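Chemist: fold the following for me, if possible:
(4 chains)
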There are 2 protein chains.
Amino acid sequence: MREIKLSQSEPKRKLLDAAEQLFAERGFEAVSVRDVTQLAKANVAAVNYHFGSREGMIALVISRYVTPIHEERIARLDALEKKWPGKVVPLEELIDAFVRPLAGTVRKSDLSEQLFCKLVGRIFSLQGEALPPAVEEQMKVSIDRFMKAFAKALPTVPSEELIWRTHFMAGGVIHMLLNQEMLHRLSGGASGTPTMEGILARFIRFAAAGLREGVEVEPTPKKGPQATFDF
Amino acid sequence: MREIKLSQSEPKRKLLDAAEQLFAERGFEAVSVRDVTQLAKANVAAVNYHFGSREGMIALVISRYVTPIHEERIARLDALEKKWPGKVVPLEELIDAFVRPLAGTVRKSDLSEQLFCKLVGRIFSLQGEALPPAVEEQMKVSIDRFMKAFAKALPTVPSEELIWRTHFMAGGVIHMLLNQEMLHRLSGGASGTPTMEGILARFIRFAAAGLREGVEVEPTPKKGPQATFDF
DNA sequence: GTTTGATTGAATCATCCGTTTGACAGCTGG
DNA sequence: CCAGCTGTCAAACGGATGATTCAATCAAAC
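Modeler: You can find the predicted model right below:
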């Protein structure tokens, strides 16, 4: 009998959209409640009414981005381990599963691809400073699963070394997400394929080479650069 | 318009020291002039008197960090090119010359090593948002020189590819500088050598492998337009 | 000793911030 | 009809911020 409202009320969604856009453009700290409500054409009190506080709104924006990314990471990793039963998942495919969800595969809002990436980069560069506990927990879970997968794919790399290398890799993605626009602009026509797909392919090759530095390559027939989709 | 004196007076230096420490700990945006003057035990007006404005103080802090780093980068690159006259400078030595100045070789203040690195990371993650023009120019100069050196060391890597790879590398350093403390904490005893020297050695191996991914076979020298970008 | 210019100090300004309030409208179920 | 809930709104509150004012201080030059 009791009716449950599932749909987001219209102004609340407009607030979230405005907040996402402004956060992506300027960063969390540089956006005021009044900026958001002005862009959303809502009243100043709307933020505190709908989200409790400014921090609540930020936490909601963050979790709405991180959760789908986390779930897709896990799903892709599950799919990979099912695809290579018992065997070792190829490193490039692991990196792909780890990185691609950050690059806009899961689109929740109607932000442009660049703004989406920028916001994701900002979120993941926070690194436990002001992250909601639930979000931090999700991050830890994915990191843990992928670290184990990386360790299995690179059994000859000492675990301490692997920690640092994945750390460097993470920094590379975040920096790429945050500054791809600037790189496109400054490099003029020299940055080649400006599509996210091309950037991802480049990054995966770079990160894979760095991660497996020093491991002896068995006579496994290596194919050329792969920029393939799995699904 | 108030005249700004250039000579270092005692309270001015104390202001800069306090500002450096707070900026490193909390970030530029999260520090008010009152925080700085309180820590420096100076009057609130001192900031505006000595630096013209809060932004002027920030710009001075930034340039006092970036300029020595830039100069040492250039000096190390000059030394390398003199050490290998006519020859190709080994990639690892180039990366070392590029990265080591960021890690505290040049110490201007009495900040702890971690705070120094964190501040450097914060500065270089600004990426042309609020950087003083002179500082941005210095960055462009070093990037340009090192990009040419990298291109010479890796003649078979297409220039577009090289731009992206150096970009990934830059992200790795910045992330490492900003979050090394967190990594130490999260990895517990698993992160092995926590010394900056050890981290640098790890990073150089990682970055070198990523930069020269795919080189050893079939040298196809390619020439393309060179590009500069912030780092 | 007086003058002068550079600093410092306390108070104040105007503005912005996040949040709260209370009034008001629209709707719903009784 | 009217209670009661929900959402919106203008207005205001208390606080923090960067900047400014103006008198007081102080050391050196004259």
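
Chemist: what's the helix or strand for A:Ser125?
Modeler: Using DSSP states H and E, A:Ser125 maps to helix A:113-126.

Chemist: how far off centre is the helix or strand that that helix is followed by?
Modeler: Using DSSP H and E, the helix or strand that follows helix A:113-126 in sequence is helix A:133-153. In terms of CA atoms, centre = their mean, to the nearest Å, the centre of helix A:133-153 is found 13 Å from the chain centre.

Chemist: which strands or helices does helix A:133-153 pack on?
Modeler: Secondary-structure packing of helix A:133-153 (3 or more CB pairs under 8 Å, 6 or more residues apart in numbering or on different chains; DSSP states H and E): helix A:54-83, helix A:91-99, helix A:159-186. C-beta here means a position set from N, CA and C on the backbone, and glycine is covered the same way.

Chemist: close to DNA strand D, is the first one?
Modeler: No - counting by CB under 7 Å from any atom of the strand, DNA strand D is not contacted by helix A:54-83; separation bottoms out at 12.0 Å.

Chemist: returning to that earlier point: quick one: closest of the helices and strands packed on helix A:133-153 to B:Arg34.
Modeler: helix A:54-83 (21.6 Å; CB to CB).

Chemist: same for the helix or strand of chain A with the lowest mean pLDDT, what does it pack against?
Modeler: Ranking every helix and strand in chain A by mean pLDDT, DSSP states H and E puts helix A:159-186 at the bottom, with a mean of 91. Applying 3+ CB pairs under 8 Å, 6+ apart, we find helix A:159-186 packed against helix A:113-126, helix A:133-153, helix A:196-211, helix B:159-186, helix B:196-211.

Chemist: low pLDDT regions in chain A?
Modeler: Residue ranges of chain A with pLDDT under 70: A:1-8, A:108, A:186-193, A:218-231.

Chemist: pick out the residue nearest the middle of it.
Modeler: Centroid-nearest residue in chain A, with CA atoms, centre = their mean: A:Leu102, separated by 2.6 Å.

Chemist: that one touches A:Val173, doesn't it?
Modeler: Yes - in terms of CB atoms under 8 Å, A:Leu102 counts as a neighbour of A:Val173; the distance is 6.2 Å.

Chemist: got any residues that touch both of these two?
Modeler: Jointly contacting A:Leu102 and A:Val173 under the rule CB atoms under 8 Å, 6 or more residues apart in numbering or on different chains are A:Phe124.

Chemist: hmm, back to that, what sits against the residue nearest to the centre of chain A?
Modeler: By CB under 8 Å, 6+ apart, the neighbours of A:Leu102 are A:Ile69, A:Cys117, A:Val120, A:Phe124, A:Val173, A:Leu177.

Chemist: at 7 Å instead, please
Modeler: A:Ile69, A:Val120, A:Val173, A:Leu177 (CB atoms under 7 Å, 6 or more residues apart in numbering or on different chains).

Chemist: state the number of residues packed around the second one.
Modeler: Right, A:Val120. A:Val120 has 23 neighbouring residues, counting by other CB atoms under 10 Å in any protein chain shown.

Chemist: what does A:Val89 show for phi and psi?
Modeler: phi -70, psi 130 (degrees, to the nearest 10).

Chemist: hang on, it packs against A:Asp78?
Modeler: No - counting by CB atoms under 7 Å, A:Val89 stays clear of A:Asp78, with 11.0 Å between them.

Chemist: higher neighbour count, these two?
Modeler: Taking other CB under 10 Å, A:Val89 and A:Asp78 do not tie; A:Val89 has more neighbours (17 against 12).

Chemist: now that one: how far from A:Ile95?
Modeler: 10 Å (CB to CB, to the nearest Å).

Chemist: how about A:Ser159?
Modeler: 18 Å.

Chemist: if you count what's nearby, which of those two comes out ahead?
Modeler: A:Ile95 (24 against 14).

Chemist: who in chain A is up against DNA strand D?
Modeler: Contact residues, chain A versus DNA strand D (CB under 7 Å from any atom of the strand): A:Lys5, A:Ser9, A:Glu10, A:Pro11, A:Lys12, A:Ala42, A:Asn43, A:Val44, A:Ala45, A:Ala46, A:Tyr49, A:His50.
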